[in-house]
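> sequence-free structure coming up:
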């Protein structure tokens, strides 16, 4: 049995991550030493390596927890993994379409910038290239929703790519 620090080093994860996984029940039950330290078997190292691989291909901790529950019940989780993988592929394909549309929009904006004449009244406009992203001038209003779908608004009010 090994303590949390050694487990983290062997599996290549932080002790903070191990504690979190333990707290959410991802690692199952853990033993404690007489002095209260968490103790883990070598199977925990293999499982944490599995967790890292599953996360790398897009599985959430909740999905990984489900995979583990299915496996612990004596069944193979392959059907569940296949189903979730297919849904992830569909989501990725949708995101790719959205990003391709966004790219086209940005290329259009670049082209418009090359042909945009001088502004007559700067007090009424910040940037006509961006302000033109609406139906008010006959352009496709999907531009603004497309931009919004490709960015995630965070609690602190700034936008970053999702």
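Perfect, I can see it now. Worth saying up front: this structure is predicted, and the values here are computed from it rather than measured.
> ok, residue 73 - how many residues close by?
By the measure other C-beta atoms under 10 Å, the count of residues near residue 73 is 8. (Each C-beta comes from the backbone N, C-alpha and C, glycine too.)
> repeat that for residue 129.
Each residue near residue 129 was counted by other C-beta under 10 Å, and the total is 15.
> that one looks like it's in a helix, true?
Yes - assigned with DSSP: H, G, I helix; E, B strand; the rest coil, residue 129 falls within a helix.
> which residues sit in contact with residue 40?
Neighbouring residues of residue 40 by C-beta atoms under 8 Å, 6 or more residues apart in numbering: 1, 2, 3, 4, 7, 27, 30, 31.
> run the last query once more with 6 Å
2, 7 (C-beta atoms under 6 Å, 6 or more residues apart in numbering).
> state the mean pLDDT of the lengthiest helix in the chain.
Identified as the longest helix of the chain according to DSSP state H is helix 78-115. For helix 78-115, the mean per-residue pLDDT is 92.
> check which residues of it are buried.
Residues 80, 81, 84, 101, 102, 105, 108, 109 are the ones in helix 78-115 that count as buried (16 or more other C-beta atoms under 10 Å).
> from those, pick the one nearest residue 125.
Distance to residue 125 across the buried residues of helix 78-115 (C-beta to C-beta) is lowest for residue 109, with 14.8 Å.
> nearest residue to that closest one other than its sequence neighbours?
Nearest residue to residue 109 in three dimensions, chain neighbours excluded: residue 129, at 5.1 Å (C-beta to C-beta, 6 or more residues apart in numbering).
> repeat for residue 88
Using C-beta to C-beta, 6+ apart, the nearest residue to residue 88 is residue 58, at 5.0 Å.
> thinking again about what came up before, and the longest helix of the chain, what does it pack onto?
Applying 3 or more C-beta pairs under 6 Å, 6 or more residues apart in numbering; DSSP states H and E, one finds that helix 78-115 makes contact with helix 128-131, helix 142-149.
> wait, the residue nearest to residue 109 touches residue 108, no?
No - Residue 129 is beyond contact range of residue 108, at 9.3 Å (criterion: C-beta atoms under 6 Å).
> low pLDDT regions in this structure?
Residues of the chain that meet the criterion pLDDT under 70 lie in 116-123, 134-162.
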